Each structure stands twice: as structure tokens, then as C-alpha cells.
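Enquirer: Sequence plus predicted model, see below.
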Amino acid sequence: MTSRTEGPLSRSINVERLPKDRAEIVVEASPAECEALARDFKIPALRDLTGRFSLSGSLTRLRAEGRVEAVVTQVCTVTLEPFEATVSEPVEVEFTNADILEGTEAEDVELPDPIVNGRIDFGVLTAEFLALGLDPYPRKPGVAFETVTVGEEPLPFADLAALRGKLGSDPG
């Protein structure tokens with residue numbers, strides 16, 4: 001068993017114990033897990049984080065479809081005021097047994113995510129799709145960025161035209 005550090009949200013599931021036809025997995029983050037994820041993502045707050053996944057396929061090729069939803073507090077990039085927003089990110093991921101991936105180069109083909117030691121961490125999957133759903137440049141609803149202009153904008157080459165006028169009118 002290898003020791004590895006897990007993120008603040010972990011729900012590792014043994015895929016061999018899942019029902020054979022279809023399975024439903026729901027990940028609900030605790031307030032402490034939400035607080036830790038908010039720190040990791042450098043946002044003021046996070047609450048009501050839920051990942052819902054429907055699984056289909058076999059133990060060697062598993063497909064997860066669903067949605068990750070949460071309420072996040074972000075800082076507006078225009079006003080610098082915090083505001084709440086809803087994240088609702090669709091999820092479609094394929095997993096395969098890690099042994100199948102040995103000797104392949106991920107750069108050549110898009111490979112499914114690995115099933116490591118017979119397990120998938122749906123907490124990590126939830127956190128990853130939450131990160132994908134966060135707006136990198138959040139704006140508070142109703143706020144628009146407006147450019148500020150002071151006075152008239154000079155025409156391009158206006159200074160050169162003025163200089164030419166001075167040089168041309170100078171008897172020399």
C-alpha cells in the first residue's frame with residue numbers, strides 16, 4: 001500500500017463492490033471540507049458542495065456521468081466586492097484499470113483516467129470539477145467593466161501633424 005497525500009475531499013470507492021448494472025454515487029462535502037477546499041481554491045467561501053454520479057460499464061472500463069454543484073463566494077474582479085454564485089458543472093469521465101495503461105503514452109491518445117488499486121476517489125473527482133466550474137474572472141451580477149476616457153482621444157499621428165505644420169510654416 002502506497003502512502004499518498006489526499007486532498008481535503010476524499011471518497012475512495014472500491015469499484016468491485018459497486019452493483020453490476022448501474023450505480024449511483026453521491027458526494028456531499030462537510031462544512032470543514034468546504035472550508036478547506038475554499039482555502040485551496042483561494043476563494044472566500046464554499047458551501048453545499050455535492051457531486052452526483054451515475055456509473056455504467058464494466059470493472060475494466062467504467063463511465064461516470066453527472067453534475068457537481070455548489071454555492072461559492074468569489075471576489076468581483078471589477079468592484080473587488082465578494083458575492084455568491086452557483087456552480088453547476090457537468091461531469092463525463094471514463095475510467096479504466098491502471099494495468100491496461102502500462103506501456104502506453106498519454107500524449108499519443110486521450111486515455112481514460114486510471115482505476116488505481118481497484119478504487120476511484122469520487123471526492124477528488126468532485127473537487128476537480130468544482131475547480132473547472134469556477135469563473136477565473138468573476139463579476140458580480142449587473143457589474144460591467146467600463147473604460148474611462150478623460151477628454152478627447154487624440155488622433156493617431158496628431159503630434160506629427162502638428163510638428164509638420166510648425167516646420168512647414170517656419171521660414172527657416
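Expert: Perfect, thanks for sending it. Numbers count the residues shown, from 1 in each chain.
Enquirer: hey, let's count contacts and neighbours off CA atoms from now on
Expert: Will do.
Enquirer: didn't Arg139 look like it was pressed against Thr73?
Expert: No - the pair Arg139 / Thr73 is not scored as a contact, 11.2 Å apart, by CA atoms under 8 Å.
Enquirer: Next, show the common contact partners of the two.
Expert: Here Arg139 and Thr73 share no contacting residue, scored by CA atoms under 8 Å, 6 or more residues apart in numbering.
Enquirer: higher neighbour count, these two?
Expert: Arg139 (21 against 18; other CA atoms under 10 Å).
Enquirer: Are we agreed that the more buried one is in a helix?
Expert: No - per DSSP: H, G, I helix; E, B strand; the rest coil, Arg139 lies outside any helix segment and is coil.
Enquirer: Ramachandran angles for the residue nearest to it when sequence neighbours are not counted?
Expert: Leaving aside its sequence neighbours, Arg139 sits nearest to Cys76 (CA to CA, 6 or more residues apart in numbering; 4.5 Å). Per-residue torsions, Cys76: phi -60, psi 130 (degrees, to the nearest 10).
Enquirer: who's in contact with Ile13?
Expert: Counting by CA under 8 Å, 6+ apart, Ile13 touches Arg119, Ile120, Asp121, Phe122.
Enquirer: Report the beta-bridge partners for the second one.
Expert: Using DSSP bridges, the bridge partners assigned to Ile120 are Ile13.
Enquirer: I'd guessed it sits against Ser10; true?
Expert: No - in this structure, Ile120 is not within contact of Ser10 by CA under 8 Å, at 9.8 Å.
Enquirer: So those two - more neighbours on which side?
Expert: Shown here are Ile120 and Ser10; by other CA under 10 Å, Ile120 has more neighbours (21 against 18).
Enquirer: Name all residues that make contact with that one.
Expert: Residues near Ile120 by CA under 8 Å, 6+ apart: Ser12, Ile13, Asn14, Val15.
Enquirer: Of those residues - the most surrounded one?
Expert: Greatest neighbour count in those, by other CA under 10 Å, goes to Val15: 19 neighbours.
Enquirer: Is it correct that that residue is in contact with Gly118?
Expert: Yes - contact criterion CA under 8 Å: Val15 and Gly118 qualify, at 5.9 Å.
Enquirer: related to what we said a few turns ago, now pLDDT and distance to Leu62 too, for the contacts of Ile120, in JSON lines please.
Expert: Formatted as JSON lines, the contacts of Ile120 follow (pLDDT from 0 to 100; distance: CA to CA, whole Å):
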{"residue": "Ser12", "pLDDT": "87", "distance to Leu62": "15"}
{"residue": "Ile13", "pLDDT": "85", "distance to Leu62": "13"}
{"residue": "Asn14", "pLDDT": "85", "distance to Leu62": "12"}
{"residue": "Val15", "pLDDT": "80", "distance to Leu62": "9"}
